[in-house]
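Peer 1: okay, predicted coordinates and the sequence, questions at the end:
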Amino acid sequence: MTAIDTTALTKHYGETIAVDSLDLAVPEGTVYGFLGPNGSGKTTTMRMLTGLTTPTSGSATVAGVSVTDRDVLRPRIGYLPEEPPLYEQATAYEQLEYVAGLRDLPQQDTQDRIDELLDRLGLSPKDAATRIADYSKGMRQKVAYIQAVLHSPDIAFLDEPTSGLDPRAARTIRELIRELTDDGTTVFLSTHILPVVEEIADTVGILYEGRLVAEDTPDQLTQRAETGETRTLEDAFLELTSTDPAAEASVEARDG
Ligand SMILES: Nc1ncnc2c1ncn2[C@@H]1O[C@H](COP(=O)(O)OP(=O)(O)OP(=O)(O)O)[C@@H](O)[C@H]1O
């Protein structure tokens with residue numbers, strides 16, 4: 001089944017076309033790496049897919065639910081935004097228990113899952129009993145990640161999930177994302193860290209000025225790169241999102 005399905009999904013902010021006629025079909029249980037330069041429309045797309053912003057035109061379903069049907073959509077999805085909402089005065093335990101309560105999750109199972117995720121991400125019981133106001137950036141990011149996936153959502157939208165994390169925690173997040181998909185969750189992942197995408201994405205979509213300019217497996221996209229000594233996903237990304245007319249002409253000539 002298709003986990004995320006969009007048809008001509010479009011968002012205008014006044015004169016700005018943030019997302020332009022986007023067609024996506026993301027299969028269930030896969031990781032979709034959503035790439036694009038700054039300002040290309042990634043966050044706007046995620047906000048439409050999570051019901052936080054209303055599309056100007058077009059349509060989208062997530063887990064079979066229209067994104068305009070927010071109350072039905074909310075329990076089915078998890079969202080880690082760029083600036084996660086956390087209560088500064090709460091401890092990590094209090095924050096996560098609060099979220100679990102909002103989502104009506106079974107108490108003992110959820111407590112076990114919170115403890116396991118905190119432990120795997122290197123937050124000790126002492127850390128978890130400390131106020132979030134006293135956390136480092138990486139510690140906040142860890143709590144925000146747990147908060148987004150605690151209810152094992154059908155679809156997890158993750159915006160820069162490894163932001164601010166040390167290499168060990170970043171690796172754990174990559175492992176946790178893969179485990180999510182093993183359990184059937186679909187992950188829609190936006191990041192500028194291309195090696196993360198190369199490692200864990202099944203499919204990569206590249207957005208440029210609100211439009212999807214390429215979609216393929218990371219390997220296939222890398223093969224399409226014409227420049228660069230080693231041909232990396234970064235080479236492909238730079239070519240596909242270039243404003244250099246010569247590069248554009250070369251992409252057009254190649255793709256016919
Ligand atoms: N609330 C808003 N009001 C007006 N314009 C907006 C708003 N949100 C986004 N935009 C514009 O829409 C375009 C896409 O922005 P968006 O935040 O979706 O990009 P992005 O790909 O997530 O960028 P980044 O990689 O920098 O996070 C930009 O031109 C931005 O200025």
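Peer 2: Yes, it's here.

Peer 1: for Asp244, report the pLDDT, please.
Peer 2: At Asp244, the model reports a pLDDT of 59.

Peer 1: tell me where the protein has helices.
Peer 2: 42-49, 70-73, 92-102, 107-120, 125-128, 137-149, 167-182, 194-200, 218-224, 233-240, 245-255 (DSSP state H).

Peer 1: can I get those in TSV with mean neighbour count?
Peer 2: Heads up, the C-betas are built off the backbone N, CA and C, glycines and all. Listed next are the helices of the chain as TSV, based on neighbours: other CB atoms under 10 Å:
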stretch	mean neighbour count
helix 42-49	24
helix 70-73	14
helix 92-102	18
helix 107-120	15
helix 125-128	15
helix 137-149	22
helix 167-182	16
helix 194-200	18
helix 218-224	17
helix 233-240	20
helix 245-255	11
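
Peer 1: Gly14 is nearest to which of those?
Peer 2: Nearest to Gly14 among the helices of the chain is helix 42-49; the distance by CB to CB comes to 13.2 Å.

Peer 1: report the distance from that closest one to the chain centre.
Peer 2: 10 Å (CA atoms, centre = their mean, to the nearest Å).

Peer 1: can I get the CA coordinates of that helix in PDB?
Peer 2: This file holds the C-alpha atoms of helix 42-49, laid out as PDB (Å, rounded to 0.1, in the frame of the first residue of the first chain):
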ATOM      1  CA  LYS A  42      10.800  20.600   2.200                       C
ATOM      2  CA  THR A  43       9.400  22.000   5.500                       C
ATOM      3  CA  THR A  44       6.300  23.300   3.800                       C
ATOM      4  CA  THR A  45       5.700  19.900   2.300                       C
ATOM      5  CA  MET A  46       6.100  18.200   5.700                       C
ATOM      6  CA  ARG A  47       3.800  20.800   7.300                       C
ATOM      7  CA  MET A  48       1.100  20.000   4.700                       C
ATOM      8  CA  LEU A  49       1.600  16.300   5.100                       C
END
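
Peer 1: nearest spatial neighbour of Thr91, chain-adjacent residues omitted?
Peer 2: Leaving out its chain neighbours, the residue that sits closest to Thr91 by CB to CB, 6 or more residues apart in numbering is Ala129, at 5.3 Å.

Peer 1: ok, now Arg113?
Peer 2: Using CB to CB, 6+ apart, the nearest residue to Arg113 is Leu150, at 6.5 Å.

Peer 1: report pLDDT for the one you found.
Peer 2: Reported pLDDT for Leu150: 94.

Peer 1: can you check the one 4 residues further on too?
Peer 2: Looking at Asp154, its pLDDT is 97.

Peer 1: from Arg178, how far off is it?
Peer 2: 17 Å (CB to CB, to the nearest Å).

Peer 1: got the end-to-end distance for stretch 25-32?
Peer 2: End-to-end distance for stretch 25-32: 10 Å, by CA to CA, to the nearest Å.

Peer 1: tell me the mean pLDDT for that stretch?
Peer 2: Mean predicted confidence for stretch 25-32 is 96.

Peer 1: buried residues in it?
Peer 2: Within stretch 25-32, the residues scored as buried using 16 or more other CB atoms under 10 Å are Val26, Gly29, Thr30, Val31, Tyr32.

Peer 1: also near the ligand: which of those, exactly?
Peer 2: Residues of those in contact with the ligand (CB under 6 Å from any ligand atom): none.

Peer 1: from these, which two are the most distant?
Peer 2: The distance between the two most remote of the buried residues of stretch 25-32 (CB to CB) is 10.9 Å, for Gly29 and Tyr32.

Peer 1: between the two, what contacts are shared?
Peer 2: Jointly contacting Gly29 and Tyr32 under the rule CB atoms under 8 Å, 6 or more residues apart in numbering are Thr186.
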